[in-house]
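Engineer: Pasting the sequence and the predicted model now:
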Amino acid sequence: MFTLAGLVFVVDLLPSIDAPPLLQYLAFGVLFGGTAGKTVVVRRERRSGELPLDQVRHIEHVGIAAGVALMALAVVVQVVLALL
């Protein structure tokens, strides 16, 4: 629950910082992907016990990469829609 509250706070805070939209999308992707990766780690550890450290790092890095990729896809979709 604290993670969700932190994400809501950051989502409200980032647009107020005068940064280019591309950097905002990158920050959102890192935050959402990191949160998703940590959620996967917690759920797997609850189900099957403690995971090895390198597996935890791998899951978190994949989550961050997926979040950044989804936000990059969102940027591409917005550019395509703006050109139509």
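Structural biologist: Sure, I can see it. This one's a predicted model, so the numbers in the text were calculated from it and none came from an experiment. Numbering: from 1, shown residues only.
Engineer: could I get stretch 48-59 in PDB with only the CA atoms?
Structural biologist: These are the backbone C-alpha positions of stretch 48-59, laid out as PDB (Å, rounded to 0.1, in the frame of the first residue of the first chain):
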ATOM      1  CA  SER A  48       8.200 -20.300  -2.700                       C
ATOM      2  CA  GLY A  49      10.600 -18.800  -0.100                       C
ATOM      3  CA  GLU A  50      13.600 -16.500  -0.500                       C
ATOM      4  CA  LEU A  51      15.000 -16.100  -4.000                       C
ATOM      5  CA  PRO A  52      18.700 -15.900  -4.800                       C
ATOM      6  CA  LEU A  53      20.000 -12.400  -5.100                       C
ATOM      7  CA  ASP A  54      20.900 -12.500  -8.800                       C
ATOM      8  CA  GLN A  55      17.500 -13.800  -9.600                       C
ATOM      9  CA  VAL A  56      15.900 -10.900  -7.700                       C
ATOM     10  CA  ARG A  57      18.100  -8.400  -9.600                       C
ATOM     11  CA  HIS A  58      17.300 -10.000 -12.900                       C
ATOM     12  CA  ILE A  59      13.500  -9.800 -12.200                       C
END
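Engineer: same for the helix or strand containing V41, what does it pack against?
Structural biologist: In this structure, V41 sits in helix 21-48 according to DSSP states H and E. Here helix 21-48 touches helix 2-13, helix 53-83, going by 3 or more C-beta pairs under 8 Å, 6 or more residues apart in numbering; DSSP states H and E. (Each C-beta comes from the backbone N, C-alpha and C, glycine too.)
Engineer: now the last one, how far from the centre of its chain.
Structural biologist: Read it as helix 53-83. Taking C-alpha atoms, centre = their mean, to the nearest Å, the mean C-alpha location of helix 53-83 is offset from the chain mean by 7 Å.
Engineer: for it, which positions count as buried?
Structural biologist: V56, I59, E60, G63, I64, G67, V68, M71 (16 or more other C-beta atoms under 10 Å).
Engineer: Out of those residues, the closest to V8 would be?
Structural biologist: Proximity of the buried residues of helix 53-83 to V8, judged by C-beta to C-beta, is greatest for G67, which lies at 16.2 Å.
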